[in-house]
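Colleague: What follows is a predicted protein model with its sequence.
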Amino acid sequence: MPHERIKAYCREFKLPAIAEGYQTLADEAAQSSRSYSDFLLALLQSEARQRAARSKAMMLRTAAFPVVKTLEGFDAKATSVDQSLLNELATLAFIERKENLLLLGPSGVGKTHLAIAMGYLATQKRLRTRFITVADLLLQLESARHTNQLDAYFKRVINANKLLILDEFGYIKLNEEQANLFFQIVNKRYETGSIVITSNLPFTQWKEVLNHDEALTAAILDRLIHHSHILNIQGESYRLKQKRKAGIL
C-alpha cells in the first residue's frame, strides 16, 4: 500500500512530521488545487517546524534550569537595571561576540532570574546552554578529578556550550585547588564562549572567595571583565517584598 510505503520511507529518512501530517496536507492540496511544488514545500515546512520545536525542547532540557524564567517576568522598574540595556542583551549578540555578562547585587534582586531568562532565550535560538550553581560545579569538578575524568568534563560541560551560566558565586569560599579549577574554567572560556555569573559580592571582595590569592583573583577578573557587560543590580529583595505583602513582615 502507498500509505505504508510512505510511512516506511519517513521512518528510514527520519521524517516524523511528514509521516504524521502528509495525508492532511495532501487532502488540503487536492481541495485547493495546489501545485506539486506547493504541496512539497508545505511538507518540508511542516518537518522543519517540528524539528525546530524538538531542538528547542532538547536545548531547554539539557540547560538544566531549576525553573524557567523569562524577561517578561522580570520587573526592571523595581531595580536599577536599564530596560534599554536589557533589550540589547535580549538580542543575544553578546553570545555571538563571546562576551560575558556579570550580574552583581544583594540577595533577592533578580540576578538568577535574569541569568535564567538570558539562558532561556538562548535555548529558544537553539544555542547550547548550561546552568549550574558554583557549589554544584565544584562538586562535579572534584568528582571528575578524583575519577580522572576532568578533561572529559571540561569538553562535555565547560567547552561544549555556547553559554555557560554560573550561579551564586561568593556564597562558598574556595580552597586553593577549587580556586585553581575556577580559574581554568574562566581561562578556557576566555574569548571562546560566553559566561554569565551571578554574585552577591563586588569585585573588591572576590579575593576573599578565591583563597585570598591576589594574583589568581586578578587573572580571573582580567579575563572576565575584558569583554563583558556588568550589571550592578540594586533594589529591594523580591522575596522580602512578597513576605511584606503577605503580612509576614
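Modeller: Structure received.

Colleague: Residue 62 versus residue 173, what's the distance?
Modeller: The spacing between residue 173 and residue 62, counted by CB to CB, to the nearest Å, is 30 Å. In this view, the C-beta of every residue, glycine as well, is placed from N, C-alpha and C.

Colleague: do the same with residue 154
Modeller: 17 Å.

Colleague: Now the element after the helix or strand containing residue 167, going C-ward?
Modeller: Assigning secondary structure by DSSP states H and E places residue 167 in strand 163-169. Using DSSP H and E, the helix or strand that follows strand 163-169 in sequence is helix 176-189.

Colleague: quick one: buried residues of that following helix?
Modeller: 178-179, 181-183, 185-186, 189 (16 or more other CB atoms under 10 Å).

Colleague: do stretch 50-60 as well
Modeller: 50, 59-60.

Colleague: Tell me what angle the helix ranked longest in the chain forms with strand 163-169.
Modeller: Counting by DSSP state H, the longest helix found in the chain is helix 36-63. With axes from the mean of the first three to the mean of the last three CA atoms, to 10 degrees as the basis, helix 36-63 and strand 163-169 are set at 30 degrees to each other.

Colleague: Could you list every helix and strand in contact with helix 36-63?
Modeller: helix 16-31, helix 111-124, strand 129-133 (3 or more CB pairs under 8 Å, 6 or more residues apart in numbering; DSSP states H and E).

Colleague: Just give the closest residue to the most centrally placed residue in the chain, not the sequence neighbours.
Modeller: The chain has residue 119 as the residue nearest its centroid, 2.8 Å off, counting by CA atoms, centre = their mean. Counting by CB to CB, 6 or more residues apart in numbering, residue 119 lies nearest to residue 129, which is 4.7 Å off, once chain neighbours are set aside.

Colleague: isn't that neighbour right next to residue 161, touching?
Modeller: Yes - with contact defined as CB atoms under 8 Å, residue 129 counts as touching residue 161 (5.9 Å).

Colleague: show me the contacts for the closest residue to residue 26 other than its chain neighbours.
Modeller: With sequence-adjacent residues excluded and distances taken as CB to CB, 6+ apart, residue 26 is closest to residue 39, at 6.7 Å. Counting by CB atoms under 8 Å, 6 or more residues apart in numbering, residue 39 makes contact with 25-26, 29.

Colleague: I'd like to know which of those residues is nearest to residue 138.
Modeller: Nearest to residue 138 among the contacts of residue 39: residue 25, at 52.0 Å, using CB to CB.

Colleague: how does this structure divide up, domain by domain?
Modeller: 2-58, 71-244 (automatic domain parsing).

Colleague: Let's have these in JSON lines, adding mean pLDDT.
Modeller: Listed next are the domains of the chain as JSON lines, based on pLDDT from 0 to 100:
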{"stretch": "domain 2-58", "mean pLDDT": "89"}
{"stretch": "domain 71-244", "mean pLDDT": "94"}
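
Colleague: Give me whichever of those domains is most buried.
Modeller: Highest mean neighbour count of the domains of the chain: domain 71-244, a mean of 17 (counted as mean count of other CB atoms under 10 Å).

Colleague: any idea how far that domain is from the chain center?
Modeller: The chain centre lies 10 Å from the centre of domain 71-244; the measure is CA atoms, centre = their mean, to the nearest Å.

Colleague: ok so, going back, can I get the strand holding residue 167 in CSV, CA atoms only?
Modeller: Output of strand 163-169 as CSV, limited to C-alpha atoms (Å, rounded to 0.1, in the frame of the first residue of the first chain):
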residue,chain,number,x,y,z
LEU,A,163,26.5,29.9,27.0
LEU,A,164,27.7,28.8,30.5
ILE,A,165,25.7,30.2,33.5
LEU,A,166,27.4,30.0,36.9
ASP,A,167,25.0,31.0,39.6
GLU,A,168,25.7,32.1,43.2
PHE,A,169,29.5,32.9,43.1
